[in-house]
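Chemist: below is the structure, and that's it, no one-letter string:
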C-alpha cells in the first residue's frame with residue numbers, strides 16, 4: 001500500500017533560520033504534526049481549511065481519516081514513518097472527486113525539541129490535485145487500498161473503459177452472473193454506494209454500464 005520516498009526537503013530546510021511554528025504556519029502545503037498513535041499536535045492554516053472542507057477528520061484530537069484512508073490505514077502509515085521511512089500514499093476525496101497523495105515522515109528531532117514536541121513526532125503533508133494520478137493510477141490505488149483481487153481489478157478496468165457488463169463478460173470469457181458478482185464485491189470492498197459512484201472515483205467519464 002505504501003511506497004518508499006524521500007522526505008520533503010522544502011519543509012525541513014525552511015526551519016534553519018526561523019521559528020518552527022512560524023514556518024509551519026506560513027507554508028502553503030497542508031501540514032499536520034502527529035504522534036504515532038494518531039494524536040494531532042498541530043495543523044497549519046492550509047490544513048485547517050481542508051478540515052473545514054471535510055477532507056480530513058478528527059475525533060478527540062486523534063486523526064480518524066484523510067481522504068479514503070481510515071484510522072487503521074493511517075495507523076499503518078504512521079507506524080512506517082515512525083521507523084524512519086518516508087512514504088507516499090494516493091488519496092481521493094468524495095463526494096466531489098479530487099485526488100492527491102499523503103506524504104508521511106519523521107519530523108527532525110531538532111524541530112520537535114524547538115516546538116516542545118516529543119522526539120517521535122511525525123509530519124504529514126497533504127498534496128492535492130496531482131494530474132499525474134490518472135484513471136489507471138486511481139484504479140491501482142483503489143486496488144491496493146481495498147485489496148481487490150486480480151479478477152475484480154480487471155472487471156473495474158473494463159467498466160471504467162466504458163464496457164457494459166455483458167461486453168466485459170465476453171472479454172473475460174466469464175458468465176454475466178460471475179461479472180455481476182464481481183461488481184457486487186467491488187461495491188462492498190470500496191464501500192461505494194453505486195457503480196456510478198465507483199466509476200466516478202476512478203475518474204471515468206464513461207456511460208454507466210448496464
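Modeler: Arrived safely, thanks for sending. None of the values given here were measured: they were computed from a predicted structure.
Chemist: so how far is residue 147 from residue 45?
Modeler: 36 Å (Cβ to Cβ, to the nearest Å). To be clear about C-beta, it is placed using only N, CA and C from the backbone, and glycine gets the same treatment.
Chemist: poorly predicted segments of this protein, please.
Modeler: Applying pLDDT under 70 to the chain picks out residues 1-19, 95-97, 129-134, 204-210.
Chemist: what segments of it are strands?
Modeler: 3-5, 31-34, 40-43, 56-59, 62-66, 86-93, 98-106, 122-128 (DSSP state E).
Chemist: what pairs with the third one, and is each one parallel or antiparallel?
Modeler: Strand 40-43 has these partner strands in its sheet, going by DSSP bridges: strand 31-34 (antiparallel).
Chemist: hmm, who's touching the partner strand?
Modeler: Contact with strand 31-34 is made by 11, 24, 40-44, 46-47, 56, 63, 78, 107, 115, 117, 121-126, as judged by Cβ atoms under 8 Å, 6 or more residues apart in numbering.
Chemist: looking at the strands of the chain, which is nearest to residue 173?
Modeler: Judged by Cβ to Cβ, the one of the strands of the chain that comes nearest to residue 173 is strand 86-93, at 30.8 Å.
Chemist: what helices or strands is that closest one leaning on?
Modeler: Contact here means 3 or more Cβ pairs under 8 Å, 6 or more residues apart in numbering; DSSP states H and E; on that basis strand 86-93 packs against strand 3-5, helix 71-82, strand 98-106, helix 135-146.
Chemist: so how far is the longest helix seen in the chain off the chain centroid?
Modeler: Determined from DSSP state H, the single longest helix within the chain is helix 176-190. Computed by Cα atoms, centre = their mean, to the nearest Å, the chain-centroid distance of helix 176-190 equals 23 Å.
Chemist: domain ranges for this structure, per the record?
Modeler: Split into domains by automatic domain parsing, the chain comes to 3-128, 135-202.
Chemist: which residue is nearest the middle of this protein?
Modeler: Nearest to the geometric centre of the chain sits residue 91, at 2.6 Å (Cα atoms, centre = their mean).
Chemist: once you drop chain neighbours, what's closest to that one?
Modeler: residue 67 (3.7 Å; Cβ to Cβ, 6 or more residues apart in numbering).
Chemist: so that neighbour makes contact with residue 124?
Modeler: No - using Cβ atoms under 8 Å, residue 67 is not in contact with residue 124; the gap is 11.7 Å.
Chemist: what do these two both touch?
Modeler: What both residue 67 and residue 124 touch, as defined by Cβ under 8 Å, 6+ apart, is the set residue 102.
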